[in-house]
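S.K.: here is the input, now give the coordinates:
(one chain, ligands or ions: 1)
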Amino acid sequence: MQILKVENISKTYGIKKSSKQYMALKSISFEVKEGEFIGVMGASGSGKTTLLNILGSIDKPTTGRYIMDGKDVATLSKNQLAEHRINNIGFIFQDYNLLETMTLKENILLPLALKGYKVKTMEEKLFNIVKDLGILKVLDKYPYEVSGGEQQRAAACRALITNPKMILADEPTGNLDSKSGKDLLDLLTFINKQYKATILMVTHDVFAASYCQKILFIRDGEIYNELYAGDSKKKFFDAIIEVMSVLGGEEK
Ligand SMILES: Nc1ncnc2c1ncn2[C@@H]1O[C@H](COP(=O)(O)OP(=O)(O)OP(=O)(O)O)[C@@H](O)[C@H]1O
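M.R.: Numbers count the residues shown, from 1 in each chain. The predicted structure is shown next:
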């Protein structure tokens, strides 16, 4: 089943009709099926974050539209949009974005608290997720008391706890060492398989991208290519490197 349909989305930054305008996305169209784990790659400045911000309804497209779970998101009112964001989308950021004055448990529960859930229901949901995601022991610690990998696991729990239609991840392994990065990618794969979560992940890292089922490559605000994983992870990895060497900017 299709969960997202992006139709001819363009984004122009700057003052209208002035020479200072910059077209960061140029008529992008693609579809995402429920349960897919998709990577978005491209050189620095190609428009990846712009796309993610639009899909996360943090920003609006200049033209075009996208349908998420049957709803044309552009037609939603401000309140409906806020509700859509909290109910349907989970975010994982490069720098975790946990609140430093709250414990990991409080951070994870925040989206449910905002939705007005009862404490008992929140704790049940929390227990089910953290037992799977391996951070039970550090739940009462503050972000500065745990490792980057544990912070990112907590951020993944927070993204997952509302059972969102889609998880949007922006360079989630960008600040992690290679072991924690691999652990996180294994975790995202687990979330994708076990919870049937649909994940869209922006990454510069070919190794991270090789965990995806499909990669969308963006060049100068346009879809340049799509690559599907086959049976061999090694072949997929090599194919990603090949496209990235044409696009340039494998690393930032
Ligand atoms: N608020 C803004 N105002 C003007 N131009 C912007 C704005 N945000 C982004 N841009 C420009 O739009 C283009 C796309 O930016 P975007 O951040 O989406 O790229 P990216 O592919 O995510 O890059 P990176 O990999 O470096 O994060 C860039 O040229 C950028 O300078």
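S.K.: for this structure, which residues are neighbours of the ligand?
M.R.: Taking C-beta under 6 Å from any ligand atom as the contact definition, the chain meets the ligand at 13-14, 22, 24, 42, 44-50. In this view, the C-beta of every residue, glycine as well, is placed from N, C-alpha and C.
S.K.: just the strands in the protein please.
M.R.: 2-13, 22-33, 37-41, 63-68, 71-72, 89-92, 166-170, 198-202, 214-219, 222-228 (DSSP state E).
S.K.: redo the ones you listed as a markdown table? Include mean pLDDT.
M.R.: Formatted as a markdown table, those follow (pLDDT from 0 to 100):
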| stretch | mean pLDDT |
| --- | --- |
| strand 2-13 | 94 |
| strand 22-33 | 95 |
| strand 37-41 | 97 |
| strand 63-68 | 94 |
| strand 71-72 | 91 |
| strand 89-92 | 93 |
| strand 166-170 | 95 |
| strand 198-202 | 96 |
| strand 214-219 | 96 |
| strand 222-228 | 95 |
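S.K.: in CSV: those strands, plus mean neighbour count.
M.R.: CSV is the format used below for those (neighbours: other C-beta atoms under 10 Å):
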stretch, mean neighbour count
strand 2-13, 18
strand 22-33, 17
strand 37-41, 25
strand 63-68, 17
strand 71-72, 13
strand 89-92, 22
strand 166-170, 24
strand 198-202, 24
strand 214-219, 21
strand 222-228, 15
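S.K.: those strands: which one's closest to residue 192?
M.R.: strand 37-41 (4.5 Å; C-beta to C-beta).
S.K.: specify the angle between that closest one and strand 22-33 in degrees.
M.R.: 160 degrees (axes from the mean of the first three to the mean of the last three C-alpha atoms, to 10 degrees).
S.K.: angle of strand 37-41 against strand 2-13?
M.R.: Using the same axes, to 10 degrees: strand 37-41 against strand 2-13 is 20 degrees.
S.K.: quick one: strand 37-41 to chain centroid distance?
M.R.: 9 Å (C-alpha atoms, centre = their mean, to the nearest Å).
S.K.: which other helices and strands does that strand contact?
M.R.: helix 48-55, helix 178-194, strand 198-202, helix 206-209, strand 214-219, helix 233-247 (3 or more C-beta pairs under 8 Å, 6 or more residues apart in numbering; DSSP states H and E).
S.K.: buried deepest among the ones you listed, which one?
M.R.: Mean neighbours per residue, mean count of other C-beta atoms under 10 Å, is largest over those for strand 198-202, with a mean of 24.
S.K.: state the paired neighbours of that one in the sheet, together with their directions.
M.R.: Each strand paired with strand 198-202, and its direction, by DSSP bridges: strand 37-41 (parallel), strand 166-170 (parallel).
S.K.: closest to residue 205 out of those strands?
M.R.: Nearest of those (C-beta to C-beta): strand 37-41, 9.0 Å.
S.K.: got a list of what the closest residue to residue 149 other than its chain neighbours touches?
M.R.: Nearest residue to residue 149, sequence neighbours excluded (C-beta to C-beta, 6 or more residues apart in numbering): residue 180, at 3.2 Å. Contacts for residue 180 (C-beta atoms under 8 Å, 6 or more residues apart in numbering) come out as 147-149, 152, 173.
S.K.: surely residue 136 meets residue 130?
M.R.: Yes: using C-beta atoms under 8 Å, residue 136 and residue 130 qualify as a contacting pair, with a distance of 5.1 Å.
S.K.: these two: which is more packed in?
M.R.: Between residue 136 and residue 130, counting by other C-beta atoms under 10 Å, residue 130 is the more crowded of the two (21 against 12).
S.K.: residues near the residue nearest to residue 15 when sequence neighbours are not counted, how many?
M.R.: In space, residue 15 comes closest to residue 21 once its chain neighbours are excluded; the distance is 6.8 Å by C-beta to C-beta, 6+ apart. Residue 21 has 12 neighbouring residues, counting by other C-beta under 10 Å.
S.K.: can you get me a residue count around the residue nearest to residue 95 when sequence neighbours are not counted?
M.R.: Nearest non-adjacent residue to residue 95, counting by C-beta to C-beta, 6+ apart: residue 175, 6.1 Å away. Residues lying near residue 175 (other C-beta under 10 Å) number 16.
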